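Undergrad: prediction below, plus the sequence it came from.
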Amino acid sequence: MEFFKYGEKEIEYLKKKDKKLGAAIEKIGMIQREITPNPFEALISSIVSQQISSKAAETVWNRFINVIGVVAPENIDKVSIEEIQGCGMSLRKVGYIKGIAETAKGGEVDFST
């Protein structure tokens, strides 16, 4: 698990830029924000979690991972639309996910960076 990295320099910058944000930072303090370093996986995860609660998104994501294994275009391509829908996703979301996987496999978009 990786977290977004920031320090005092960034905190001070934000506090100076926005007084209300600065007050919130003073009250809340430093936070940890988990990140997904793989751009392809991050995009697929954001589609899965769109317009549903965090808890529902976590459940659907875990089912999805159990079906495809590692989030990679090749693995998504191997799984049927129905199998992915069975994880709890709408047909539209599955279409987006399949389309992005095809685009990645075809080299139209470079997700390596």
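TA: Good, I have the coordinates. Numbering: from 1, shown residues only.
Undergrad: all contacts plus neighbour counts: C-alpha atoms, from now on.
TA: Noted.
Undergrad: show me where pLDDT drops low in this protein?
TA: 113 (pLDDT under 70).
Undergrad: just the helices in it please.
TA: Applying DSSP state H to the chain gives helices spanning 8-17, 19-28, 39-49, 54-68, 73-78, 81-85, 91-105.
Undergrad: and the ones you listed: which comes nearest Ser112?
TA: Of all those, helix 39-49 sits nearest to Ser112, with 7.3 Å by CA to CA.
Undergrad: quick one: contacts for Gln32?
TA: 3-4 (CA atoms under 8 Å, 6 or more residues apart in numbering).
Undergrad: again but with Gly22, I slipped
TA: 14-16.
Undergrad: kindly recompute the last result at 6 Å.
TA: Going by CA atoms under 6 Å, 6 or more residues apart in numbering, Gly22 touches Lys15.
Undergrad: so that it lines up with my notes, have the first residue be 281 from now on.
TA: That works, and once the first residue is 281, the last one we named lands at Gly302.
Undergrad: what's the domain layout of the protein?
TA: Domains of the chain are assigned by automatic domain parsing as 282-314, 318-385.
Undergrad: buried deepest among these, which one?
TA: Greatest average neighbour count among those goes to domain 318-385 (a mean of 16), per mean count of other CA atoms under 10 Å.
Undergrad: now do the end-to-end distance for that one.
TA: 15 Å (CA to CA, to the nearest Å).
Undergrad: and it, how far out from the chain middle?
TA: Domain 318-385 has its C-alpha centroid displaced from the chain centroid by 10 Å (CA atoms, centre = their mean, to the nearest Å).
Undergrad: ok, now stretch 294-310?
TA: 26 Å.
Undergrad: quick one: end-to-end distance for stretch 305-319.
TA: End-to-end distance of stretch 305-319 (CA to CA): 28 Å.
Undergrad: likewise for stretch 289-306?
TA: Stretch 289-306 end-to-end distance (CA to CA) = 14 Å.
Undergrad: could you do stretch 311-325 as well?
TA: One end of stretch 311-325 sits 21 Å from the other (CA to CA).
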